[in-house]
Every structure is written in C-alpha cells, then in structure tokens.
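>>> quick one: sequence and predicted model below, then my questions.
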Amino acid sequence: MRMTLTPAGKSARLFCLWFVMAAAFLFLAARPLLAQPSAVQPPPTVVFMTDFGVLDDSVALCKGVMYGIAPNLRIVDLTHQVNVFSIRDGARFLFGATPYFPAGTVFVVVVDPGVGSSRKAVVVKSKRGQFFVLPDNGLMTMVEDRDGIEGIREVTNPDWMVGAKLSSTFHGRDIFSPVGAHIARGDDWTQAGPAIKELVRLDLKPARVDDKGLTGEVIALDGPFGNLITNISADDFLKLGYQRGDKLKVTIAGREVEMPFVRTFSDVPLKQPLLFIDSRGRASFALNQASFAAAYEISPPQTVFIPRKGH
C-alpha cells in the first residue's frame, strides 16, 4: 500500500533533510579547526624565589613591578622561605626546580647578601633556553654544571630598572623584578647590558668514592621534617654494593648510626632511622615520623662516611 505524505509531512521531511545537511556542512567546515592545536599562547612565566619571607610587603612590591611591565604575566612562587642569606640553599632549590619548567621560562631569584656592593646583577641564558635574573654570587653554580650556559649579560640598562633613584638595599624591586618582566614579555634579553664571560661560583665539594667507602656531606635539612639532605647521588651510593633491606653503619658528624637501606619511611618502625633515595635522586637520612636532625643534634654542613658493603 502506497502512502501519500500530507503537505505538513512533506514540510517536516524537508526540514529534517535540511537540518542533516546543515549539520554535516558545519562538521566538515570545523574539521580543519579541530585538527589544529590551540592558537592560544600560554602567558609568559616568571618563577620567583627569594629569602624575603612573607611577613611584610617585599614580595608583593616586586610582583607589582613585574605586573606593571607585563600585565598578562604568570608568576609562580618557587619559595620565599630560603634560609636568609643562604646562597647554597637558593642554588639547590633552583637546581631542583628548573627541569620541570619549559624553555623560555624566566627565573627571578633574589638571595642577595651582597646587595648594594660591587657584586654584579646578571641575566643568564642556559643551554636549555631558560633565563635567570639574579645576583652574580654563585646561585647559578649547580644549574650551570648540569645544563650549561649559552650567554651572560651584566644588567646595566637604566631603562630596564625602576626609576632614576635606585635603592641600595632593594634590588629585588628595583632591578631584578623589572628586568625579569622585560625578558618575560619578549624584549631582547641582550639589551640588559654588556656580555660577560663567566659567573661567580660556589665552592661545592663533590662526594668521593674510594676503596673504603664514600665520603659526602649533609648540605641541608628537608624543611620541617628534619631529614638530612646530602650531596651523595644515588649512583654513587649504589657503587658501594648495598641492596634494599641491607643494614649499614653510617658515620655522620663523627657519630656512628646503624640503619637499613629501604624504599620509604614506613619500611621501618616509628622513630627508627633509615637511609633512602629521595625524590631528587640523592641518598638521605630520616626517622619514620620524627626528625633525624633533632634526634641526633645535627645541623648542616656535616661530613658523612658510608663504608663499602662488607667493610
């Protein structure tokens, strides 16, 4: 039996056909756009680290200067709790953070016990394509050794500084922050000032492995937890022949402590010592849910000796 569509039925059928054709056209037209990566560029990024603390307005003033130059800036606070005047801690935090940020990131670092002296303010470009705006006092030592340096500029361009009257004690606001913002927004970093050939370096002693064992150093504490951070890499420690579960006797600051080499804190009973490889690939000492530093009255720097297995 043949069905005859009413005028209303014909209109509904035509509308459905039109709707399907329109949807197909829009889908095909959008395909090139869907296939392309997003054209939206991420905002320029400054990673900001100081020893200023957060009790006063110092950090906020520096950020205000940066936003005034580059309003779309994204500022990541690495930390503002670096132990005051500790260039070594600043260098260590910088070394640990840089691998997690892309090329083009600008690191503004103000740990500057020599502010106002003859020390230079510099911009450094690493071979990873990252920029560092900081005092030339050794902060770059560990990053330089790992990543290499493409170029160094001394900051002398007054147009990249704040005002005609520079403070002699707040270069974080007046020099490092504006220079970092200029570079982050895309200004030519070589305009900061003249090229220089080398940086001031920290005298960092590497761990040493010999026939008897490994001699290293406690270089810092792990924040409030009291774990001992060392300069002993996992690779150097494993040269001694230990496997997880082995017990060993470690001499720290002249005191011998017996402990196992384990994977994590809960592998030993509460408040018992352990040696583990920390998240940054170094041999570290801890107590399970207690402070190793407090229990054994240890403050860095201190010498560490770990004998070879069987010695």
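It's in.
>>> the lengthiest strand in the chain: how far from the chain's middle?
Scanning the chain for the longest strand, with DSSP state E as the assignment, gives strand 213-221. Centroid separation between strand 213-221 and its chain, computed with C-alpha atoms, centre = their mean, to the nearest Å, is 22 Å.
>>> and for stretch 185-194?
23 Å.
>>> what comes up buried for it?
185, 187, 189, 192-193 (16 or more other C-beta atoms under 10 Å). C-betas here are computed from N, CA, C, even on glycine.
>>> now the residues you listed as a markdown table including pLDDT?
Listed next are the buried residues of stretch 185-194 as a markdown table, based on pLDDT from 0 to 100:
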| residue | pLDDT |
| --- | --- |
| R185 | 97 |
| D187 | 98 |
| W189 | 98 |
| A192 | 98 |
| G193 | 98 |
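>>> look at the residue positioned nearest the centre of the chain and give its secondary structure.
Residue closest to the average C-alpha location in the chain (C-alpha atoms, centre = their mean): A97, at 1.5 Å. Here A97 is recorded as helix under DSSP: H, G, I helix; E, B strand; the rest coil.
>>> tell me who's in contact with S284.
The contact partners of S284, taken as C-beta atoms under 8 Å, 6 or more residues apart in numbering, are 222, 227-230, 275-278.
>>> mind doing that once more with 7 Å?
Shown in contact with S284 (C-beta atoms under 7 Å, 6 or more residues apart in numbering): 227-230, 276, 278.
>>> now it: which helix or strand?
Following DSSP states H and E, one finds S284 within strand 282-287.
>>> what pairs with I75 across the strands?
Beta-bridge partners of I75, counted by DSSP bridges, are V46.
>>> just confirm it contacts T50, I think it does.
No - if you go by C-beta atoms under 7 Å, I75 and T50 don't touch, sitting 12.0 Å apart.
>>> what's around P102, how many residues?
When counting by other C-beta atoms under 10 Å, one arrives at 10 neighbours for P102.
>>> name the element it belongs to?
P102 belongs to no helix or strand, assigned by DSSP H and E.
>>> residues touching the closest residue to the residue nearest to the centre of the chain other than its chain neighbours, list them.
Leaving out its chain neighbours, the residue that sits closest to A97 by C-beta to C-beta, 6 or more residues apart in numbering is L78, at 5.6 Å. L78 makes contacts with 47-49, 93, 97, as judged by C-beta under 7 Å, 6+ apart.
>>> at 10 Å what do you get?
47-50, 90, 93-94, 96-98, 101, 107-109 (C-beta atoms under 10 Å, 6 or more residues apart in numbering).
>>> and if you look at V109?
Residues in contact with V109 (C-beta under 10 Å, 6+ apart) are 47-51, 78, 82, 87, 90-91, 93-94, 132-135, 139-140, 172, 176, 180.
>>> strands - which of those land there?
47-50, 78, 132-135.
>>> just the buried ones out of those residues, please.
For the ones in strands among the contacts of V109, a burial check counting by 16+ other C-beta under 10 Å picks out 47-50, 78, 132-135.
>>> in JSON lines, list those residues along with distance to Q243 and pLDDT.
Output for those, formatted as JSON lines (distance: C-beta to C-beta, whole Å; pLDDT from 0 to 100):
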{"residue": "V47", "distance to Q243": "38", "pLDDT": "98"}
{"residue": "F48", "distance to Q243": "42", "pLDDT": "98"}
{"residue": "M49", "distance to Q243": "38", "pLDDT": "98"}
{"residue": "T50", "distance to Q243": "42", "pLDDT": "98"}
{"residue": "L78", "distance to Q243": "36", "pLDDT": "98"}
{"residue": "F132", "distance to Q243": "40", "pLDDT": "98"}
{"residue": "V133", "distance to Q243": "45", "pLDDT": "98"}
{"residue": "L134", "distance to Q243": "41", "pLDDT": "98"}
{"residue": "P135", "distance to Q243": "44", "pLDDT": "98"}
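>>> now render those residues as a markdown table, adding distance to S284.
Listed next are these as a markdown table, based on distance: C-beta to C-beta, whole Å:
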| residue | distance to S284 |
| --- | --- |
| V47 | 24 |
| F48 | 27 |
| M49 | 22 |
| T50 | 26 |
| L78 | 21 |
| F132 | 27 |
| V133 | 31 |
| L134 | 27 |
| P135 | 29 |
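>>> let me know the pLDDT of H311.
On pLDDT, H311 comes in at 79.
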